[in-house]
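Visitor: after the sequence you'll find the predicted model.
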Amino acid sequence: MNPAMTRFTHDQIESLNVLNSKDFVPCTYPWIRLTEKNVAGDYTFCAWINKFIGHIDKNNMKDLLTIWNSERAIQIRHDLIERNGTSCQNNCKVRNYMLDTFLGYEDHEYETFDSIFLENLLSVARSITERSADISCKPITLALFPSNICNIRCRMCKMEKKYDGDVNPQYFEEIKSFIPYLHELFVAGGEPFSCRTTRNIIFSDEVKKCNHLYVSTITNCTLLNEDIIEKLTDIRLGRVVFSIDGITPGVYNKIRIGADFGKVLANLRRFIAYRDSGALKVKITGSNFVIQSLNYHELEGYIEFCHALNIRASASLIDGSTELFSCILDVQRHVEKAIQRAKALRMDYSLTSLEGVMQKIPAYRDGLRKRVIMENLFGEKNVAKAKDLFEKHEYTKRFVKNFLTGLLYCDKIIARLNDKN
């Protein structure tokens with residue numbers, strides 16, 4: 001450690017609790033995290049914020065700090081300081097979950113960290129307690145989307161994927177200067193272990209020698225063989241999330257096309273064995289389950305599956321499809337059963353996720369109804385293209401929302417008239 005900071009006091013450690021607190025601002029992400037939201041290089045603070053705060057071209061990287069304190073970034077922080085949530089999506093998970101943006105360390109570890117990291121960490125905490133919108137500290141979490149390269153084709157995935165290729169090496173060169181300040185580096189995709197550039201980031205010397213850096217990722221687990229896991233033992237792992245979507249071969253293989261359930265299960269169990277033996281240093285092990293027509297009946301089994309492996313289970317409703325329209329009530333019943341199972345197994349995180357799904361179902365059902373009306377009028381493909389366009393333009397989005405609301409209202413009136421007749 002730098003002699004300038006030879007001792008990190010108990011009070012300083014306690015002051016970091018604000019990083020996971022909602023006491024000063026309703027969400028600390030805009031003070032902590034910089035997120036590359038897509039492969040195009042659009043940045044925001046997290047997946048639940050509607051607005052981009054800037055853009056960086058992967059082939060012509062510039063200083064990330066220019067967007068960290070961009071006009072939009074400052075405005076979002078100001079809105080949160082005023083407890084104005086207009087920048088955030090209505091289904092933001094932070095509304096339901098306790099914050100875990102800061103993963104924390106054992107008290108004795110702080111003595112081993114470089115002062116440049118510790119000083120920035122304290123500066124981030126101060127910027128939150130002082131409720132500052134324009135901040136001088138650097139982000140302590142960087143979430144990257146290096147590429148959309150993937151080795152399988154999931155039926156519900158709308159991402160335009162590549163199945164080979166690399167990213168300009170300059171992309172990582174720009175990021176290296178941030179690593180000394182980072183508490184967490186989250187690397188997404190595509191499939192991270194299918195992309196050579198992403199693997200080079202995760203297993204880089206810069207990452208391995210940074211003893212305070214958590215590396216997090218989300219993976220389909222198809223490539224998580226023993227060689228990869230052995231390499232991961234050299235890294236402090238933060239959140240490792242597995243995309244599962246099915247707990248039987250018949251369901252899983254139909255959803256995750258090109259993957260083999262037996263091989264994935266073997267890889268997952270190998271990872272868990274390394275974790276449980278202590279060979280892997282991992283803070284949080286989790287999983288994702290996208291609820292769709294092929295798998296909703298496996299929800300209860302999914303909860304039990306995750307409990308047996310001691311991993312967090314989370315679930316979400318499929319987006320961009322009307323396939324649950326005819327069975328949404330049955331889906332609701334299975335979600336309720338999964339909630340009861342999570343309660344019985346005392347899986348608090350999973351319970352919160354499932355209860356969030358249950359809360360969203362009424363609005364989700366209305367959205368399905370609107371979309372079915374639109375698809376009947378204009379065709380499924382045209383509606384999908386229009387939705388993608390409208391999401392990029394706020395005025396058009398509002399106009400279409402009002403139009404759809406009017407159609408739904410008319411549809412209800414017609415239904416009532418038919419009932420009277």
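Guide: Everything's here; your move.
Visitor: any idea of the mean pLDDT in the lengthiest helix in the chain?
Guide: Taking residue count as the measure and DSSP state H as the definition, the longest helix of the chain comes out as helix 348-378. Confidence over helix 348-378 (mean pLDDT, whole number) is 90.
Visitor: next one: stretch 205-225
Guide: Confidence over stretch 205-225, taken as the mean pLDDT, stands at 96.
Visitor: helices or strands next to the one helix or strand residue 227 maps to in the packing?
Guide: Residue 227 is part of helix 226-232, with elements assigned from DSSP states H and E. The criterion is 3 or more C-beta pairs under 8 Å, 6 or more residues apart in numbering; DSSP states H and E, and the helices and strands that helix 226-232 contacts are helix 261-277. (Each C-beta comes from the backbone N, C-alpha and C, glycine too.)
Visitor: give me the buried positions along the helix it packs on.
Guide: 261, 264-265, 267-268, 270-272, 274-275 (16 or more other C-beta atoms under 10 Å).
Visitor: stretch 43-58 too?
Guide: Under 16+ other C-beta under 10 Å, the buried positions of stretch 43-58 are 43-46, 48-49, 52-54, 56, 58.
Visitor: before we move on, what about stretch 64-83?
Guide: Residues 64, 67-70, 72-74, 76-81 are the ones in stretch 64-83 that count as buried (16+ other C-beta under 10 Å).
Visitor: first-to-last residue distance for that stretch?
Guide: Stretch 64-83 stretches 26 Å from its first residue to its last (C-alpha to C-alpha, to the nearest Å).
Visitor: rounded mean pLDDT for stretch 252-266, please.
Guide: Stretch 252-266 shows an average pLDDT of 97 in the prediction.
Visitor: what's the pLDDT at residue 60?
Guide: The predicted local confidence for residue 60 comes out at a pLDDT of 65.
Visitor: just the one 3 residues further on next, same as before
Guide: In the prediction, the pLDDT value recorded for residue 63 is 72.
Visitor: where does this structure have low pLDDT?
Guide: The chain contains residues with pLDDT under 70 at 1-6, 59-62, 90-91, 93, 95-96, 161-166, 380-421.
Visitor: all strands of it, in order?
Guide: Counting by DSSP state E, residue ranges of the strands within the chain are 33-36, 42-44, 54-55, 141-144, 153-154, 184-187, 214-219, 236-243, 256-257, 281-291, 312-317.
Visitor: can you tell which of these is closest to residue 173?
Guide: strand 141-144 (13.2 Å; C-beta to C-beta).
Visitor: how near is residue 88 to residue 48?
Guide: With distances taken as C-beta to C-beta, to the nearest Å, residue 88 is found 6 Å from residue 48.
Visitor: common neighbours of those two, please.
Guide: When contacts are counted by C-beta atoms under 8 Å, 6 or more residues apart in numbering, the set common to residue 88 and residue 48 consists of residue 94.
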